[in-house]
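Asks: Using only what follows, build the 3D model:
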Amino acid sequence: MTDATRKLRKNDPEKTREDILAVATEEFSEFGLSGGRVDAIAEKTRTSKRMIYYYFGSKEGLYLAVLEKAYRKIRSLEADLELSGMPPAQALKTLISTTFDHDERNPDFVRLVSIENIHHAVHMQRSTELRDVNLSIISTMTEILERGRADGTFRRDVDAIDLHMLISAFCFFRVSNRHTFGTIFQRDLSEPQYYDRHKQMISDAVLSYLTTAAQEA
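Replies: The predicted model follows:
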């Protein structure tokens, strides 16, 4: 590293930190926590292992910071939608569309979450930030559902976490299982005809479910 680079990094530590996180996201999503190498991240960011450990404490600390940033990104996108000003059905359609597009455009996020599930979320359990930041989507979903039930748009009483899981499952699966699903059925899920159809399908399915009264046993 040149003296000029050292001086620049010293004067802009936040940019250095963000650069490390960006490269670490690629490294961990490609090779996982075990296979990801701090040496490779240091080389690609023209820093050093010592500097990375200074910012993040350890390899596991860096991996957790990558996860936290990934979740902050999707939650920030949702917060910017201003859903409270939309009619309930429109708000939900917008939220579904945003989730669908986010997962499609951020396969790194999907791979990171899949990797953390392999580890039984042991690293996420150390993060109070991840628990706090993800409460926002449930609050948002609850608010939309309450408004929809109050004005008669939604006729079914649904738990907000259950609904979030339903939407996330469809959007996530298309990306996480794209290669196996595509190989088995010889279908590229990223092609526009399937992308647009699936995006409409999940929106229609959720709205149809919510606007149809539950059958009494």
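Asks: residue contacts, residue 174?
Replies: When contacts are counted by Cβ atoms under 8 Å, 6 or more residues apart in numbering, residue 174 is found next to 103, 104, 189, 198. In short, each C-beta sits where N, CA and C put it, glycine included.
Asks: Now the buried members of those residues.
Replies: Buried by 16 or more other Cβ atoms under 10 Å: 103, 104, 189, 198, out of the contacts of residue 174.
Asks: Go through those residues and name the one nearest residue 59.
Replies: Of all the buried ones among the contacts of residue 174, residue 103 has the smallest distance to residue 59: 26.4 Å, by Cβ to Cβ.
Asks: Whatever helix or strand that closest one lives in packs against which elements?
Replies: For residue 103, the element it lies in under DSSP states H and E is helix 88-105. For helix 88-105, the packing partners by 3 or more Cβ pairs under 8 Å, 6 or more residues apart in numbering; DSSP states H and E come out as helix 59-79, helix 107-118, helix 135-150, helix 160-176, helix 192-211.
Asks: by contact count, what packs against the third one?
Replies: Here helix 135-150 touches helix 59-79, helix 88-105, helix 160-176, going by 3+ Cβ pairs under 8 Å, 6+ apart.
Asks: What residues sit buried inside the first one?
Replies: What that stands for is helix 59-79. Residues of helix 59-79 classed as buried by neighbour count (16+ other Cβ under 10 Å): 59, 62-71, 74-75, 78.
Asks: same thing with stretch 31-46?
Replies: Buried residues in stretch 31-46 (16+ other Cβ under 10 Å): 32, 33, 36, 38, 41, 42, 45.
Asks: Just the ones of those in helices?
Replies: Under the assignment DSSP state H, the buried residues of stretch 31-46 contribute 32, 33, 38, 41, 42, 45 to helices.
Asks: which ones are touching the fourth one?
Replies: Taking Cβ under 8 Å, 6+ apart as the definition of contact, the neighbours of residue 41 are 20, 23, 24, 27, 52, 62.
Asks: Any idea which of the helices and strands packed on helix 88-105 gets closest to residue 93?
Replies: Smallest distance to residue 93 across the helices and strands packed on helix 88-105 (Cβ to Cβ): 5.2 Å, for helix 192-211.
Asks: what angle do that closest one and helix 160-176 make?
Replies: If you take axes from the mean of the first three to the mean of the last three Cα atoms, to 10 degrees, helix 192-211 sits at 170 degrees to helix 160-176.
Asks: Now do helix 192-211 against helix 88-105, angle only.
Replies: Inter-element angle recorded for helix 192-211 and helix 88-105: 140 degrees (by the same axes, to 10 degrees).
Asks: what packs against helix 192-211?
Replies: helix 88-105, helix 160-176.
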